[in-house]
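# Got a predicted structure plus its sequence, pasted below:
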Amino acid sequence: MRGEEGNSAEENLETKEGTPSSEDERYIHKVSVPPKQKLFQEIKSGVKETFFPDDPLRSFKDQTNRRKFILGTRAVFPILEWGRDYNISKFRGDVIAGLTIASLCIPQDIGYAKLANLPPEYGLYSSFVPPLIYALMGSSRDIAIGPVAVVSLLLGAMLQAEIDSATNAEEYRRLIFTATFFAGITQATLGVLRLGFLIDFLSHAAIVGFMGGAAITIALQQLKGFLGIKNFTKKTDIISVMQSVFGTMQHGWNWQTIVIAATFLCFLLFAKFTGKRNKKLFWVPAIAPLISVVLSTLLVYLTRADKQGVAIVKHIKRGINPPSVKELYFSGQYLLKGLKIGVVAGMVALTEAVAIGRTFAAMKDYQIDGNKEMVAMGVMNVVGSMTSCYVATGEKERKKQTKDNVLEQEPHCQMIVSLSLAAGSFSRSAVNYMAGCQTAVSNIVMSLVVVLTLAFITPLFKYTPNAILSAIIINAVINLVDLHAAKLIWKIDKFDFVACMGAFLGVIFFSVEMGLLIAVSISFAKILLQVTRPRTALLGKIPRTTVYRNIHQYPEATKVPGVLIVRVDSAIYFSNSNYIKERILRWLVDEEELTKESYQNKIQFLIVEMSPVTDIDTSGIHALEELNGSLKKREIQLILANPGPVVIHKLHASEFADLIGQDHIFLTVADAVSSCSPKIMNDV
């Protein structure tokens, strides 16, 4: 009895989920047309979804004017929000984190300034004012602000092409301040106009390639200081650099410099390895650069190696940032050049900062507003340009997934550990997080340490060898070459791999700007290709169901005799409408040839599954009209299945629905097939 009941239950289930019952066959749902929206409501809805998907003003609803003012002030200055709950415990964590990242940033800033072709004090300036501004306006608790390697190299390369920093140091400095000003204006404008989504047009694959190429270029540039070469090429491509390196091998290399650089690079790599093996010792690679600077400086001073040809930093200007408002170019030939370079640098800096800010926010389970972050970054760079700073941002590194990254780690720390083992030896943001920072006060502490360094300690850097700065930078950028990510990109998407390698090769064989241009161009080319050549599929019926799926994905799916079912997997716009029409007709021709060869029923119905079609424009409707005309000449009826609300509204507005007949638009493919089947049987 139980077996018979089980069989009966299975048969009932098969009736419900498989072949339609007689009641289902008698009643077929029609596609509903949504109520028509007024023009103003339609525009308002579109603008809201495009620019305000997070509804940023929802907290202001039903509030008094006084409360709205308070909320608005807190929105502009988040420090007023989290500052209310600040306590000694949080301050202790922030002080430790601030001191730790200061020990990392001071030697790095001096080296990054050299990448930007600036005197070393300007790197320190850029870790004083911008972090203070960000602490007031930024919403991320963990991001550490300062100059970074890639942006420094980008600025240095682009500016050097306009002005020689060696012969026209003052004009070069003015242009870099102007570029920083416009970088800030660009960032703030994107945030205020809520256009942050524009930075997402640079694909992940292109960024991986660009960062890898930039890392190699940066490392190659450091061979000048690493080998003690005095006359070095100004170009950044690998061929020019290698010619400069090997061309000076006989008489240009300094063995004392090489010994210092190689010794401390090994020390830095060992410190990184130690921090990687024991996560509790994350502070070891964080303070290793400062230890290297102190020891190498003492070594050079005691041995007077500078008299043996070891190049040293020499004088670092003492004192805090001088004002630079009057040095900005607001007219003349350098205005447009500063604007162009600033826009590029600002966008690259934003790409780094927003991504790393979101990552750390996810780790601590709090939200950051990308547009607010852009405003904060923009304001700090505008103010920075007026106080002798160049472009600052949050330091980002490439994520590197290895087995070691997840050993004995709590789930919420796994990504941070893998991030912290990448660029920047330990990046400031990762070190800030792992040192126990609680709020943006850690940036303030770091800034105060930097200003104390500028006021009292800079003379002690006089005998610091350039070789140690080169070793620190090489150690900082070496892991930006993310081979694991490139391998994964190759496995997932070959076109993405082309974008990755295009950006990579463009940077190392031509220039940083060319690599960035190639990265953007390939990213846009991919978007255009996907828009203009969308995917289409032939559908068949899954056995014992009423489900219709791609026959290439489900080989067991069977075609319906006399019916061709095609799915369009994108919106239908002017850019792809002709392709979609022609592709459907090619499907039809191929199927007609197959039916003739196998003596099957002639194709009488063409069903277009429109579930993935989110929108259609006038060109798309015109293409459907042309398709319908071609089908009529072949005596084939066009049928549409499950058009969405936007699409069905436009089909009715254009009267295309009346053209093919209201009874030829169905809710599902199964309904459409069931309506066609009796007609096919009658013809047979």
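Arrived safely. Residues are numbered from 1 along each chain as shown.

# those strands in the chain, which residues are they?
145-146, 393-394, 536-541, 548-550, 563-568, 605-609, 637-641, 665-666 (DSSP state E).

# Ranked by average pLDDT, which of those falls at the bottom?
Lowest mean pLDDT within the strands of the chain: strand 393-394, a mean of 82.

# Against which helices or strands is that strand packed?
strand 145-146, helix 334-363 (3 or more Cβ pairs under 8 Å, 6 or more residues apart in numbering; DSSP states H and E). To be clear about C-beta, it is placed using only N, CA and C from the backbone, and glycine gets the same treatment.

# Kindly report which one of these carries the lowest mean pLDDT.
Per-stretch mean pLDDT for the helices and strands packed on strand 393-394 is lowest at helix 334-363 (a mean of 79).

# looking at the strands of the chain, which is closest to Gly111?
Between Gly111 and those, the tightest spacing by Cβ to Cβ is seen for strand 145-146, at 11.9 Å.

# Which elements pack onto that closest one?
Against strand 145-146 (3+ Cβ pairs under 8 Å, 6+ apart) you get helix 88-115, helix 129-137, strand 393-394.

# Dump the strands of the chain to a markdown table, plus distance to Ala471.
Shown next, in a markdown table, are the strands of the chain (distance: least, Cβ to Cβ, whole Å):
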| stretch | distance to Ala471 |
| --- | --- |
| strand 145-146 | 19 |
| strand 393-394 | 24 |
| strand 536-541 | 55 |
| strand 548-550 | 55 |
| strand 563-568 | 57 |
| strand 605-609 | 61 |
| strand 637-641 | 65 |
| strand 665-666 | 70 |
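
# most tightly surrounded among those strands?
strand 145-146 (a mean of 32; mean count of other Cβ atoms under 10 Å).

# Pull the residues that contact that strand.
In this structure, residues lying in contact with strand 145-146 by Cβ atoms under 8 Å, 6 or more residues apart in numbering are 105, 108-109, 126-127, 130-131, 134, 138, 380, 392-395, 428, 443.

# farthest pair in these?
Every pair of the contacts of strand 145-146 checked by Cβ to Cβ; the farthest is Gln108 and Gly138, at 20.3 Å.

# Leaving out sequence neighbours, find the closest residue to Glu171.
Nearest non-adjacent residue to Glu171, counting by Cβ to Cβ, 6 or more residues apart in numbering: Ile163, 5.3 Å away.

# Please, where are all the helices along the stretch 51-200 of the chain?
65-76, 79-82, 88-115, 121-125, 129-137, 149-160, 169-192 (DSSP state H, counting those that start in this stretch).

# most neighbours per residue, which of those?
helix 121-125 (a mean of 27).

# thought Asp615 was touching Tyr573?
Yes: shown here, Asp615 and Tyr573 form a contact pair, counting by Cβ atoms under 8 Å, at 7.4 Å.

# Between those two, tell me which one has more neighbours.
Higher neighbour count among Asp615 and Tyr573: Tyr573, with 18 against 13, using other Cβ atoms under 10 Å.

# and the more buried one, what does it touch?
Tyr573 makes contacts with 531, 615-617, 619-620, as judged by Cβ under 8 Å, 6+ apart.

# Drop anything exposed from those residues.
Among these, those buried by neighbour count (16 or more other Cβ atoms under 10 Å) are 616, 620.

# Between which two of the contacts of Tyr573 is the distance greatest?
Spanning the widest gap among the contacts of Tyr573 are Val531 and Ile616, at 13.7 Å by Cβ to Cβ.

# OK, contacts around Pro120?
By Cβ under 8 Å, 6+ apart, the contact set of Pro120 is 109-110, 113-114, 313, 316, 461.

# rerun that using 6 Å as the cut-off
By Cβ atoms under 6 Å, 6 or more residues apart in numbering, the contact set of Pro120 is 110, 113, 313, 316.

# would JSON lines of the helices of the stretch 51-200 of the chain with mean pLDDT and distance to Met374 be doable?
Below are those laid out as JSON lines (pLDDT from 0 to 100; distance: least, Cβ to Cβ, whole Å):
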{"stretch": "helix 65-76", "mean pLDDT": "83", "distance to Met374": "13"}
{"stretch": "helix 79-82", "mean pLDDT": "85", "distance to Met374": "18"}
{"stretch": "helix 88-115", "mean pLDDT": "87", "distance to Met374": "22"}
{"stretch": "helix 121-125", "mean pLDDT": "94", "distance to Met374": "23"}
{"stretch": "helix 129-137", "mean pLDDT": "92", "distance to Met374": "11"}
{"stretch": "helix 149-160", "mean pLDDT": "89", "distance to Met374": "15"}
{"stretch": "helix 169-192", "mean pLDDT": "94", "distance to Met374": "3"}
